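S.K.: Got a sequence here, can you build the structure:
(2 chains)
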Amino acid sequence: MTDPLLKIEDLQITFPHRRGDFIAVQGFELTLNKGEIVGLIGESGAGKSTVGNAVIGLLSPPGRVTSGQILLDGQDLTELTAHRLAALRGRRIGMIFQDPMTSLNPLMTVGQQLAQSISILRKMPMRQARAEAARRLSDVGISDAKNRMDQYPHEFSGGMRQRVVIALALAGDPDLLIADEPTTALDVSVQKQVLDLIKDICRERALGVILVTHDMGVIAETADRVCVMRHGKLVETGDTQKVLAHPTADYTTRLIAAIPSITEREDRFRNPEPRTGDIDKWLLQAHDREEEGHFLNTTDLVKEFPAKGVSFGIRQPPFRAVDVPQIQIARGEVLGLVGESGSGKSTLGRLLTGLLPITQGSVTYTDHGDISAFRRAAPRKAFRRDVQVVFQDPYSSLNSRLRVDRILAEPIRFHGLASRSQTPRLVAALLERVGLSAEDGRKYPHQFSGGQRQRICIARALAVRPRFILCDEPTSALDVSIQADMLALLMELRRSLGLTMLFVSHDLAVVRQVSDRVAVMRKGKIVELKEAETLFQSPEHEYTRHLLSTAPRVEGHRPSNTAASTRKAIQ
Amino acid sequence: MYYVIARVLQACLVMLCVALVGFIVFQYVGDPVLALVGQETSIEDRAALRESLGLNDPILVQYLRFVADALRGDLGISYSFNRDVADMIAERLPATVELVLLSGVLGLVLAIPAGIYTGIHRKGGWAQAIMALSVIGVSIPSFLLGILMILVFSVWLNWLPSFGRGDVAGVFGFRSSLFTLDGLSHALMPAAVLCLFQLGVILRLVRAEMLEVLRTDFIRFAWARGLPAQVVYLQHALKNTLVPVVTAIGLQLSSLFAFSIITERVFQWPGMGSLLLHAIGQSDIPLLAAYLIFVGLVFTVANLVVDALYVMIDPRIRHGKV
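M.R.: I've put the predicted structure just below:
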């Protein structure tokens, strides 16, 4: 057995702080051989990226390695001077970052950036470096590399940019590649291609790869071995298949169990026990005067965005973001809307809720009428009250200067749903209803974690007694264990309060867990719209099948799986 | 290409608006006939004069005539000097141009490297010192600084002349004091005073933009790729700070042009600023209107150049992506 390429022993990384040092990583160990991919998984704050940054010597100050060793081919990187460590970057160790949109210098062509790296790292004259750059671009799967060299990063799609980033990271032929969430910002189908590329390169060049990610599916598809991290400590390590199938640590078991399944609808989201507290009775008053029929209906809905710029007096045709002949949502139904980025799914959600003006066609709510035909303020206000939105990013969708109780009280008072004296009691009840405590109302949004903020966003949406909620990627910014809690909360609220929902997401597994029916969008059109189970079990459209086949899967230990299959066997 | 043409058309539109303001000042602040004739002129003569000056034509015709005259370089005749306004401006312009150019070059040569340095070594001692000095530069009024400099360099040390423009020499038909040693020695102090404010502003802007850019992912990625420091700082970071910096430089330079009044006054510099002060003192309406149009032109052209530079710096603007 040859010596490992990288060996990390008893690593401790500390961020000094005047109120006591923060130990980000403690007692971490890892061994990596050539031609091997080791996955580093954990939730946000687990210290997984910190490990990656420490290996390449780019810890953000004031963080530093306080004990332990990082041995690259037997040489301890923690003992090197900053200067000598800098000489290893690019030449021995390469790194890829999460977002290919921001990893490239927007003002230099792709060819310039790559040729620059090659000429510096391999001491080549520029002309020769350019030829080499073209060859390397085609190596990472960019067709017509010679011409694309002269294009700027913004002219490349996300997946293509990540290929360029990989070519750049490998420009100096390093032995070790650290990939920090390399596919998190990419669409599912592109993600698979990029992961396959990393796998191929790893095998061909006998490269050691550390794959840092929060996504168990990515690990399952790619990594040979996996290290599970939590709170800066190593929880479990071993062969990927083994760890996924038979996790020994409690945390790993919970982490795997929290991942929503793409292969079946899980019990935990299906039939939550409805709640009937006082606040639920208050919230249900909205349903008093309900009419018959669908909740909402559209006809020939079109949204066009004007093309930018006019070249020589010829106006470019507008970009058609949404073109949907008809879509209906029944009362109490959850309609899932899936598609890749740019498919128009979020735009459609916004059109249905009146957040964007409609170009053609109409959106009609049975109880409110055509939403673009409101003449007076009162019916528009009633519609606004009835239809609420929970956005993707809980960090930017709360006003950071308002206390949480103000955030929740404002809509209640605006719509006159309670008197000034009653409002604080309602706010407290709402906070408790979404799983926070009444005292949390006195805090500001930044004092909460992402998951708690999303609960505040849900409480804010509920505060006006809506009957329809648009959930626009409500769990995409959250960790997997919190995501499961959030989905469970949404499903319980839906059942207790009889909510109608439009659930927009790029995550097929999540959509499967929550939706009654699912619409698949592509390039502004709905390619397939069916009962959720039918769609996932027997997808008809080619694109739906493509999406399903590229989605990463975790086939591992799943307590709910066994329970479900036992029940099936009994039936 | 479309972008540049659109910007040129917009600039023309802006100039027409500036000309309109100039026209209104020219036409309606005081009665030109009263300004031209004496007490004893009869009402009939006045009416005839009014007619011959075209003051009875429709407003639009008068405006268009004004614009057409301005385009031909005819900006009217100064009340107080009884000379062609355009000639007077042309006479004073080189003095101001050389002052602005010298102070602009001085400012940029100091501000950009200092901004980069303080951006990189944010907490270093030198950087802190430079930042402290730049606060002084931004906050000291230029007349005070001018007087202090005259006191130190002219009165006490007797190194530099305290006022006026020095010898003038011509190179390629452009006569300027920058081509003689004496001229330079006269121009140095006013230029230094003039550049100090923009030095502070641009330095701080470059520093803030550098700090911003150095935090971005592509700079992290550039480090991770093993690029040497000078490549990361100068080729990747600096270029990405340029769009706002070029904007600021364009505005600063044009405001130097327009408002070098105080410095010119302090150093008795025979440029546009002195002319403006004189025009204000004498209520010389044609001169004021012409000055207004001239300042508008400087700002418009500067912004046009800045817009054209954007396209060269940032390809995303070229492709309509921003």
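S.K.: Output the below-cut-off pLDDT ranges for chain B.
M.R.: B:1, B:29-32, B:34-38, B:169-175, B:258-259, B:319-322 (pLDDT under 70).
S.K.: Going by proximity to chain A, name the top residue of it.
M.R.: residue B:226 (2.3 Å; Cβ to the nearest Cβ). The way it works is simple: take the backbone N, C-alpha and C, and place the C-beta from them, glycine included.
S.K.: any idea which element that residue lies in?
M.R.: Under the criterion DSSP states H and E, no helix or strand holds residue B:226.
S.K.: Might you name the residue of chain A sitting closest to chain B?
M.R.: residue A:90 (2.3 Å).
S.K.: Quick check, that residue in contact with residue B:227.
M.R.: Yes: assessed by Cβ atoms under 8 Å, residue A:90 is found in contact with residue B:227 at 7.2 Å.
S.K.: re earlier: and the residue of chain B closest to chain A, how many neighbours?
M.R.: 24 (other Cβ atoms under 10 Å in any protein chain shown).
S.K.: ok, and the closest non-adjacent residue to it?
M.R.: In this structure, residue B:226 finds its nearest non-sequential neighbour in residue A:90, 2.3 Å apart by Cβ to Cβ, 6 or more residues apart in numbering or on different chains.
S.K.: what about the one you found, how many neighbours?
M.R.: By other Cβ under 10 Å, 27 other residues sit near residue A:90.
S.K.: Could you tell me the model confidence score at it?
M.R.: Model confidence at residue A:90, given as pLDDT, is 90.
S.K.: where's residue B:245 relative to residue B:104, distance?
M.R.: Per Cβ to Cβ, to the nearest Å, residue B:245 is found 14 Å from residue B:104.
S.K.: Check residue A:442 too.
M.R.: Where residue B:104 is concerned, residue A:442 sits at a distance of 55 Å (Cβ to Cβ).
S.K.: So which of those two has more stuff around it?
M.R.: For the pair residue A:442 and residue B:104, the greater number of neighbours falls to residue B:104 (19 against 10), based on other Cβ under 10 Å.
S.K.: So the closest residue to that one other than its chain neighbours, which state does it fall into?
M.R.: Once flanking residues are discounted, residue B:104 sits nearest to residue B:253: 5.3 Å by Cβ to Cβ, 6+ apart. Each residue gets one of three states, and residue B:253 gets helix by DSSP: H, G, I helix; E, B strand; the rest coil.
S.K.: Pull the contacting residues for residue 284.
M.R.: Let's take chain A. A:497, A:498 (Cβ atoms under 8 Å, 6 or more residues apart in numbering or on different chains).
S.K.: nope, chain B
M.R.: B:78, B:79, B:80, B:81, B:278.
S.K.: can I assume residue B:199 sits in a helix?
M.R.: Yes: under three-state DSSP, residue B:199 falls within a helix.
S.K.: Check whether it really touches residue B:135, as I assumed.
M.R.: No: Residue B:199 is beyond contact range of residue B:135, at 11.8 Å (criterion: Cβ under 8 Å).
S.K.: tally of neighbours for residue A:447?
M.R.: 11.
S.K.: Please work out how many residues are found near the residue nearest to residue B:104.
M.R.: Residue B:253 has 22 nearby residues by other Cβ under 10 Å.
S.K.: Same check on residue A:111?
M.R.: Using other Cβ under 10 Å, residue A:111 is surrounded by 22 other residues.
S.K.: contacting residues around it?
M.R.: Here residue A:111 is in contact with A:130, A:133, A:134, A:137, A:148, A:149, A:150 (Cβ under 8 Å, 6+ apart).
S.K.: Show me which residues of chain B sit near chain A.
M.R.: B:2-3, B:216-218, B:220-228, B:231, B:235-236, B:239-240, B:313-316, B:319-321 (Cβ under 8 Å from any Cβ of the partner chain).
S.K.: Give me the buried subset of those residues.
M.R.: B:3, B:216-218, B:220-227, B:235-236, B:239-240, B:313-316 (16 or more other Cβ atoms under 10 Å in any protein chain shown).
S.K.: Can you list which of those residues are found in helices?
M.R.: B:3, B:217-218, B:220-224, B:239-240, B:313, B:315-316 (DSSP state H).
S.K.: Identify the farthest-apart pair in the residues you listed.
M.R.: In these, two members sit farther apart than any others by Cβ to Cβ. They are B:3 and B:224, at 34.7 Å.
S.K.: quick one on the thing from earlier: could I get the contacts of residue B:284 in JSON lines, plus columns for neighbour count and secondary structure?
M.R.: Putting the contacts of residue B:284 into JSON lines (neighbours: other Cβ atoms under 10 Å in any protein chain shown; DSSP: H, G, I helix; E, B strand; the rest coil) gives the following:
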{"residue": "B:78", "neighbour count": "22", "secondary structure": "coil"}
{"residue": "B:79", "neighbour count": "18", "secondary structure": "coil"}
{"residue": "B:80", "neighbour count": "13", "secondary structure": "coil"}
{"residue": "B:81", "neighbour count": "17", "secondary structure": "coil"}
{"residue": "B:278", "neighbour count": "15", "secondary structure": "helix"}
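S.K.: And the furthest pair within those?
M.R.: Using Cβ to Cβ, the two most remote members of the contacts of residue B:284 are B:79 and B:278, lying 11.4 Å apart.
S.K.: which residues do the two both contact?
M.R.: Counting by Cβ under 8 Å, 6+ apart, the residues touching both residue B:79 and residue B:278 are B:284, B:287.
S.K.: if we take the contacts of residue B:284, which one ends up nearest to residue A:434?
M.R.: Of those, the one sitting nearest to residue A:434 (Cβ to Cβ) turns out to be residue B:278, at 72.8 Å.
S.K.: Does anything pack onto the longest helix seen in chain B? Which helices or strands?
M.R.: Looking across chain B with DSSP H, the single longest helix is helix B:85-120. Here helix B:85-120 touches helix B:125-139, strand B:174-176, helix B:181-214, helix B:238-258, helix B:261-266, helix B:272-281, helix B:285-313, going by 3 or more Cβ pairs under 8 Å, 6 or more residues apart in numbering or on different chains; DSSP states H and E.
S.K.: now do 6 Å
M.R.: On a contact count with 3 or more Cβ pairs under 6 Å, 6 or more residues apart in numbering or on different chains; DSSP states H and E, helix B:85-120 meets helix B:125-139, helix B:181-214, helix B:238-258, helix B:272-281, helix B:285-313.
S.K.: Quick one: the ones you listed as a markdown table, columns for distance to residue B:20 too.
M.R.: What follows is those, written out as a markdown table (distance: least, Cβ to Cβ, whole Å):
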| stretch | distance to residue B:20 |
| --- | --- |
| helix B:125-139 | 35 |
| helix B:181-214 | 30 |
| helix B:238-258 | 19 |
| helix B:272-281 | 20 |
| helix B:285-313 | 10 |
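S.K.: Return the most buried member of those helices.
M.R.: Stretch with highest mean neighbour count among the helices and strands packed on helix B:85-120: helix B:181-214 (a mean of 21; mean count of other Cβ atoms under 10 Å in any protein chain shown).
S.K.: what ranges do the strands span in the stretch 101-250 of chain A?
M.R.: Using DSSP state E, counting those that start in this stretch, the strands assigned to the stretch 101-250 of chain A run over residues A:176-180, A:208-213, A:225-230, A:233-239.
S.K.: Can you say which of these is packed in most?
M.R.: Highest mean neighbour count among these (mean count of other Cβ under 10 Å): strand A:208-213, a mean of 26.
S.K.: Nearest to the middle of chain A, which residue? Look it up for me.
M.R.: Centroid-nearest residue in chain A: residue A:476, 3.7 Å away (criterion: Cα atoms, centre = their mean).
S.K.: does that one sit in a helix, a strand or a coil?
M.R.: Of the three states, residue A:476 takes coil under three-state DSSP.
S.K.: Which residues of the stretch 101-250 of chain A lie near chain B?
M.R.: Within the stretch 101-250 of chain A, the positions lying close to chain B (Cβ under 6 Å from any Cβ of the partner chain) are A:102, A:103, A:104, A:105, A:107, A:117, A:121, A:152, A:154, A:168, A:172.
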